[in-house]
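In: can't give you the sequence, but here's the structure:
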């Protein structure tokens, strides 16, 4: 199949041939703009029916051309769940949301009640059945969306990055749910960029690149091919064992631990390397304090304490990752640091001064803040204007680092585009360039890796390290633990508005179960201080220890 | 906003009413308040409304409404005597005031202001009751049999408008953090900045709307005639409410046609205690749902029956 969006010169999908067997679990991956979402939409019949554009080739469902099928029939057989549950919910109550599709296909009342009862029971939604859709958590919202699709009893379930907006615990729950649906016989097509949690679930992995189907195969085959071809988003467990030339490639932590138990000697004090306990390369020279937070408390108007007794300091050049479940107070804290909301109690000092006493343009010179939703970030007609705005800041004039940033992010080619014409990943690049061009002393990033591909994640990490070397302090609120482990030096774990842990990344991530990396979970009990593949390879003395 | 409304739509008689029964009851409270200007009628309807609010367990939310309602009532009570010259019982006469002329405050104007203030308070209180006791999706379900699409738009609006408000605040926050400063700008600069943030909001909302419509399309919305999920069935408790509300309305219209409950404030106030029989009948009709609610709360048997 080949497909062009309306008014686009380049095809979003180029000669894609794919056959999916009944009951299969297909994992589709690839970088930004590789055509993953377009493929999902074409499989669900939304392309070209909803989008328009030019199409060549066909999508056949059980031998029938989707374009010749009635829309109701498609909805009954093929369900699709998108990234952001907020932008899929139509009704105000959970129950009404679940039956919305059933009403659309004209089922009678009795049948609707039966199907409602089924999905509410299966997905364990009875407690929130009568709730407002706006009042439930992000994970619950995504579950409700899945329930509303499942109520139509589709044979095929397509999920377009369903966990990208969720914290690790909720993401895990959703993916396990998807796996259990596949076990019940539903064919699953899962579009994902973060493969750590779902790689082992797949029967087949399909890799797309620039609209073309680059490679398809079993997870094991894709792992070997991916490592050989420098494909970045191979899960770290798989990547590690592939790089070790292990005789068998475990696909998940359970298999990996079983393999290690068999092949790796038990941990003894003599073989524990201490290399990772040394300070990271990030500069903290001079130990100048950029930020000091003392005894911060904050409550929203409903009275619930969103932040309680927050204390910490941030030094020049530090990169700190703030982790925690959804609604733990991470974003609120970031907004307080950005001077957007005033704390109820306590003080914030940035470079020794209270940000609330500054004028907006002075704050913009000190702090760079990138929100979760970068769609709201753009005020100008072109990318150049967006970046020029911050570059007008006196600190940024004729700055080599700013030019380096623009080159590194690869956005020069978009300079004359309207930021809203760009893809989600490209928008994040532009927003980031705009923030960095201001050369802030303190950089605040809220979920910067959400919706971006692995290659950009690496670019982002490298940029942050470079800015950190130049003395910029960076605070990242993220659910992307692998990213935090790779680039942060210090990790703050938040729970219920409080700091539940603050220490080096090895201290915090090495001990946790949910907030830890794949490698940390893999090596728990075998080796200490391993969070990344690099650290694992350093300790295991590749390829001697494992064979 | 939504968190406050957790558990709002459940747990008592009024919140379990069929939306049609609830709407008819609230409508009858409103209509009685609008039909009659008699101070006794208005006071009685206000008392019934407050009792209904208490039975529906939305007193806390009503207190929030009261804050701005009372301010508006106070303004009416103050402004009406200042501008009205129709009363004959002068309480106070004073010097010439610019625009108002000679200051004359009459007893009738004070009472008329109080009556109108009471009427406004009833209207706002009934609105509070409706907003907190009837789930918007149930109203949508009720009206969808006649006008589904407009009802759906309104229902989505109840969720999306607060979200747009939140998005707009976020956009203005981002302007601030990017160095745009409203305080240091002249009117033209402020307008330009404001226009920028509105543009961003419109773009963002349109993109969101596109995604929601795509999700709706994928669930076969607009693919042909649709069925309707009956979330609530009419139960005896709903019938009690419907019948008593309709009876109260019928008596009100009959009373109005027969001149009962009419009351003149100017030039001199009428006798206070006229039309009491009609008031008693209307009150009975309006109070039956409140009494049923009391029974619902206190008698398990009654609750299971109705």
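Out: Nice, thanks for sending it over. Note that the coordinates shown come from a computational prediction; the quantities given were computed from them, not determined experimentally.

In: how many other residues sit next to residue A:349?
Out: 15 (other C-beta atoms under 10 Å in any protein chain shown). Yep, even glycine has a C-beta here, placed from its N, CA and C like the rest.

In: ok, now residue A:166?
Out: 22.

In: Just the element for it, please.
Out: Counting by DSSP states H and E, no helix or strand carries residue A:166.

In: Who are the contact partners of it?
Out: A:138, A:139, A:142, A:174, A:326, A:479 (C-beta atoms under 8 Å, 6 or more residues apart in numbering or on different chains).

In: And it, how far from residue A:83?
Out: 10 Å (C-beta to C-beta, to the nearest Å).

In: same deal with residue A:426?
Out: 16 Å.

In: Also residue B:294?
Out: Applying C-beta to C-beta to residue B:294 and residue A:83 gives a distance of 49 Å.

In: And these two? Which one has more around it.
Out: More neighbours surround residue A:83 than the other of residue B:294 and residue A:83, with 21 against 16 (other C-beta under 10 Å).

In: That one reaches residue A:162, doesn't it?
Out: Yes - Residue A:83 is in contact with residue A:162 according to C-beta atoms under 8 Å; the separation is 7.0 Å.

In: Name the nearest residue to residue A:37, sequence neighbours excluded.
Out: In space, and not counting its chain neighbours, residue A:37 is closest to residue A:160: 5.5 Å by C-beta to C-beta, 6 or more residues apart in numbering or on different chains.

In: That neighbour pairs with what?
Out: residue A:191 (DSSP bridges).

In: Tell me who's in contact with it.
Out: Shown in contact with residue A:160 (C-beta under 8 Å, 6+ apart): A:36, A:37, A:40, A:41, A:80, A:81, A:82, A:83, A:191.

In: what's the neighbour count on the last one?
Out: A count of neighbours around residue A:191, defined by other C-beta under 10 Å, yields 26.

In: which residues touch it?
Out: A:28, A:29, A:36, A:37, A:39, A:40, A:158, A:159, A:160, A:161.

In: Relative to residue B:218, which of those is nearest.
Out: The nearest member of those to residue B:218, counting by C-beta to C-beta, is residue A:158 at 9.2 Å.

In: So the closest one: helix, strand or coil?
Out: strand (DSSP: H, G, I helix; E, B strand; the rest coil).

In: Double-check it against residue A:42; I have them as touching.
Out: No - taking contacts as C-beta under 8 Å, residue A:158 lies outside contact range of residue A:42: 9.9 Å.

In: so what sits against both of the two?
Out: Contacts common to residue A:158 and residue A:42, judged by C-beta under 8 Å, 6+ apart, are absent.

In: and the closest residue to residue B:203 other than its chain neighbours, how many neighbours does it have?
Out: Once flanking residues are discounted, residue B:203 sits nearest to residue A:420: 5.7 Å by C-beta to C-beta, 6+ apart. Residues near residue A:420, counting by other C-beta under 10 Å, number 14.

In: swap in residue A:140?
Out: Residues near residue A:140, counting by other C-beta under 10 Å: 20.

In: mind listing what residue 44 touches?
Out: In the absence of a named chain, chain A is used. Residue A:44 neighbours (C-beta under 8 Å, 6+ apart): A:74, A:78, A:79, A:80, A:158, B:218.

In: I was thinking of chain B, sorry if that wasn't clear
Out: B:279, B:282, B:283.

In: From residue B:74, how far out is it?
Out: Look at residue B:44 and residue B:74: by C-beta to C-beta, they are 22 Å apart.

In: Show me the contact partners of stretch B:163-175.
Out: Against stretch B:163-175 from outside (C-beta under 8 Å, 6+ apart): A:86, A:134, A:335, A:338, A:340, A:360, A:369, A:371, A:373, A:376-377, A:379, B:193, B:196-198, B:200-201, B:204-205.

In: Now it: buried residues?
Out: For stretch B:163-175, the neighbour count (16 or more other C-beta atoms under 10 Å in any protein chain shown) marks B:167, B:168, B:170, B:171, B:172, B:173, B:174, B:175 as buried.

In: Please flag which of those sit within helices.
Out: B:167, B:168, B:170, B:171, B:172, B:173, B:174, B:175 (DSSP state H).

In: Now render the residues you listed as JSON lines, adding pLDDT and distance to residue B:242.
Out: Formatted as JSON lines, those follow (pLDDT from 0 to 100; distance: C-beta to C-beta, whole Å):
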{"residue": "B:167", "pLDDT": "88", "distance to residue B:242": "41"}
{"residue": "B:168", "pLDDT": "89", "distance to residue B:242": "41"}
{"residue": "B:170", "pLDDT": "87", "distance to residue B:242": "44"}
{"residue": "B:171", "pLDDT": "88", "distance to residue B:242": "46"}
{"residue": "B:172", "pLDDT": "86", "distance to residue B:242": "47"}
{"residue": "B:173", "pLDDT": "85", "distance to residue B:242": "48"}
{"residue": "B:174", "pLDDT": "85", "distance to residue B:242": "51"}
{"residue": "B:175", "pLDDT": "84", "distance to residue B:242": "52"}
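
In: Out of those, which two are the most distant from each other?
Out: B:167 and B:175 (12.8 Å).

In: where's the residue of chain A found nearest chain B, which helix or strand?
Out: Per C-beta to the nearest C-beta, residue A:364 is where chain A lies closest to chain B, at 3.1 Å. Applying DSSP H and E as the criterion places residue A:364 in helix A:360-366.

In: and that helix, how far out from the chain's middle?
Out: 29 Å (C-alpha atoms, centre = their mean, to the nearest Å).

In: Report the rounded mean pLDDT for it.
Out: The pLDDT scores in helix A:360-366 average 74.

In: What are the contacting residues of that helix?
Out: Looking at what lies outside helix A:360-366 - C-beta under 8 Å, 6+ apart - the contacts are A:338-339, A:350-351, A:355, A:358, A:390, A:393-395, A:438, A:440-442, B:175-181, B:183-184.

In: same thing with stretch A:511-525?
Out: A:168-169, A:172, A:196, A:235-237, A:240, A:253, A:256-257, A:260, A:267, A:323-324, A:481-482, A:485, A:493, A:508-510, A:530-533, A:535-536.
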